[in-house]
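Asker: Sequence and predicted model, in that order:
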Amino acid sequence: MSKTYKRLLSPIISVFIVTLLFASTAFADAKQDAEEALQNAVNEITTTLNNANLDNVTENSVVVSQLEAEILKIFSMEQFSMRTIGRKWNTFTPEQKTKFKDAFIELLKATYFKHVSKYNGQRLDILGSRTNKSGNKVEVRTSVKYKNEDVPVNYRMLREDGKWMVYDVLVEGVSLVKNYRTQFSEILRKGTPDELIAKLQEKAVQVRKQQATAGKK
């Protein structure tokens with residue numbers, strides 16, 4: 001190896017090492033910031049649940065509206081909607097995108113908020129996190145105590161408008177986004193965005209009717 005080559009190589013290696021060090025610091029900050037954002041959201045939601053009377057809670061209860069607002073502060077429906085649709089998201093008009101997000105939120109409320117009354121002090125523990133190669137996405141690993149079992153729940157997050165937001169949730173390794181994408185792709189393969197939106201609206205109504213019927217038994 002020539003002396004000239006060594007002289008050129010030395011500063012290149014130095015720059016490379018410095019770049020790696022800065023990148024490592026940036027990744028550490030990204031993980032810390034994402035974990036902190038998630039923890040703050042969990043604390044806020046937990047406080048609301050602990051202070052609420054969850055007896056006979058319904059979807060129209062004040063606590064449910066409060067929880068919805070708190071969840072949407074950390075959960076990006078824009079990213080979630082876009083990723084569940086996939087490439088065809090760009091074929092949706094702005095109006096269809098808005099209608100889809102609204103219909104999707106209604107379906108999620110109808111499907112999941114019925115479980116609010118079952119809250120009994122379950123806790124979520126953050127176990128650590130990892131970033132992608134670019135450091136612009138973070139997956140926060142958590143564990144939720146449910147029926148004496150520790151259930152692994154991972155939150156995939158990215159920065160949106162300067163804030164770390166959740167764009168996917170993995171429960172025991174199963175992605176919520178992929179689960180819905182499979183269902184929506186089948187509908188969009190033969191149908192239109194408007195037909196998908198209509199099906200989401202119909203499904204939300206159906207779920208509510210089933211819950212109402214079950215509540216009378």
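Answerer: Here it is on my side, so go on. Here the structure is a predicted model, which is why all the values come from computation and not from measurement.

Asker: Going by C-alpha atoms from here, please, whenever you check contacts or count neighbours.
Answerer: Fine.

Asker: pLDDT weak spots in the chain?
Answerer: Filtered on pLDDT under 70, the chain yields the residue ranges 1-28, 214-217.

Asker: max-length strand in it?
Answerer: As far as residue count goes, and with DSSP state E defining each element, the longest strand of the chain is strand 149-160.

Asker: Quick one: work out the angle between the helix or strand just after that strand and strand 149-160.
Answerer: Read in the C-terminal direction, the helix or strand following strand 149-160 is strand 163-171, with elements assigned using DSSP states H and E. Computed with axes from the mean of the first three to the mean of the last three C-alpha atoms, to 10 degrees, the direction of strand 163-171 lies at 150 degrees from that of strand 149-160.

Asker: what's in contact with strand 163-171?
Answerer: Surrounding strand 163-171, the residues in contact under the criterion C-alpha atoms under 8 Å, 6 or more residues apart in numbering are 33-34, 37, 73-77, 79-80, 151-159, 175-177.

Asker: Give me the buried entries from those residues.
Answerer: By neighbour count, with 16 or more other C-alpha atoms under 10 Å, these hold 33-34, 37, 74-77, 79-80, 152-159, 175, 177 as buried.

Asker: Please, where are all the helices along this protein?
Answerer: According to DSSP state H, the chain carries its helices in the segments 3-51, 62-74, 77-85, 94-112, 176-190, 193-216.

Asker: These into JSON lines, with extra columns for distance to residue 119?
Answerer: Shown next, in JSON lines, are these (distance: least, C-alpha to C-alpha, whole Å):
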{"stretch": "helix 3-51", "distance to residue 119": "8"}
{"stretch": "helix 62-74", "distance to residue 119": "13"}
{"stretch": "helix 77-85", "distance to residue 119": "24"}
{"stretch": "helix 94-112", "distance to residue 119": "12"}
{"stretch": "helix 176-190", "distance to residue 119": "21"}
{"stretch": "helix 193-216", "distance to residue 119": "18"}
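
Asker: Just name the most buried of those helices.
Answerer: The highest mean neighbour count among the helices of the chain belongs to helix 77-85 (a mean of 19), with neighbours defined as mean count of other C-alpha atoms under 10 Å.
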